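>>> pasting a predicted model and its sequence here:
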Amino acid sequence: MTIFTCPVCGEKLDRLPKACVCPNGHSYDLAAEGYIHLLPPNKMHSKIPGDNKEMIASRRRFLESGAYRLFSDKLNELVCEYSPAKSPIILDAGCGEGYYTGRLCDDLVSHGFAPQVFGFDISKFAVKAAAKKYKQISFAVASSFGIPVSNGAADFVLDVFAPVVESELNRVLKPGGTLILAVPGRRHLYGLKEILYDAPYENESIEAEYGGFQFLNRVPVETDAEITGNQMIQDLFTMTPYYYKTGQDGAERLKQVRTLQTHLEFDFLIYKKVGENCISTES
């Protein structure tokens, strides 16, 4: 079973042993790792969109160190809490190399759920790494700006630091389905920014309202962390937006750091899709 659709005609794909095909005859080969490539060439805004191989390797090393496990555990807890059934269909929009997706799937199974989990990312390198490690999850190379997923297919959509395209996230959710966004808190990685920038700044608090969604809850998760070893510090830097924004002076300063003291802070924003057959919980 798959919720992925043909990026050319929008028809639902049927998964065969070596390919996924639609009723109109469009076919997409399964890679050796098990994922499918559903990003049409005319939607690729660069030769190799998304994070490169080096960035994905850095992200995997850092996340698997356990430094962000607190956030992953909270995400797992929230999905368990808000799940309407024991067999939820979950879509991770912008799944990266699969850390959060994989841990969520394993945690749900350990709590007696039978989830069907799907993930996509615009980076081929990320999806390849995810599919190679997390065989129980279906992955695709795809864009958040044109998600190749059936209308109303998912009970949950997760978006962890990925682009928020509200019309697409709304479309792929079932009526009454749950959207969970992870966004940086005000002082997330402030200690890192104190090294990178002469004038470090706090993040803006995101108070977003999205059409077709009812806001349910904001769940903050935060801790103070000590990250040791320049390799781990560089891995953290490489997986952040600051990697693209930092000048040479700041990057050179960071190369000299052996221990980083910083605050870590995520906010989970939880929304319910409202529309046909939905019952509002507003008083």
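Looks like it arrived, so ask away. Numbering: from 1, shown residues only.
>>> buried stuff in stretch 19-34?
For stretch 19-34, burial by neighbour count (16 or more other Cβ atoms under 10 Å) applies to 20, 22, 28, 30-31, 34. (C-beta placed from N, C-alpha, C; glycine too.)
>>> all strands for the stretch 51-200 of the chain, in order.
For the stretch 51-200 of the chain, strands defined by DSSP state E, counting those that start in this stretch occupy the ranges 89-93, 116-121, 138-141, 154-160, 173-184.
>>> which among the ones you listed is found nearest to V109?
Nearest to V109, of all those, is strand 116-121, at 9.8 Å by Cβ to Cβ.
>>> lowest-confidence helix or strand of this structure?
helix 242-245 (a mean of 90; mean pLDDT, DSSP states H and E).
>>> flag every buried residue along that helix.
242-243.
>>> do the same with stretch 141-151
141-144, 147-150.
>>> packing partners of the least confident helix or strand of the chain?
The helices and strands touching helix 242-245, judged by 3 or more Cβ pairs under 8 Å, 6 or more residues apart in numbering; DSSP states H and E, are helix 190-196.
>>> now what about the helix it packs on, what contacts it?
Contacts of helix 190-196 with the rest of the structure, by Cβ atoms under 8 Å, 6 or more residues apart in numbering, involve 200-202, 236-237, 240, 242, 246, 250-251, 253-254, 257, 260-263.
>>> of those, buried ones?
236-237, 240, 242, 246, 250, 254, 257, 260, 262-263.
>>> from these, pick the one nearest D92.
Proximity of these to D92 (Cβ to Cβ) peaks at T240, which lies at 19.4 Å.
>>> I'd like to know how far the closest one sits from A114.
35 Å (Cβ to Cβ, to the nearest Å).
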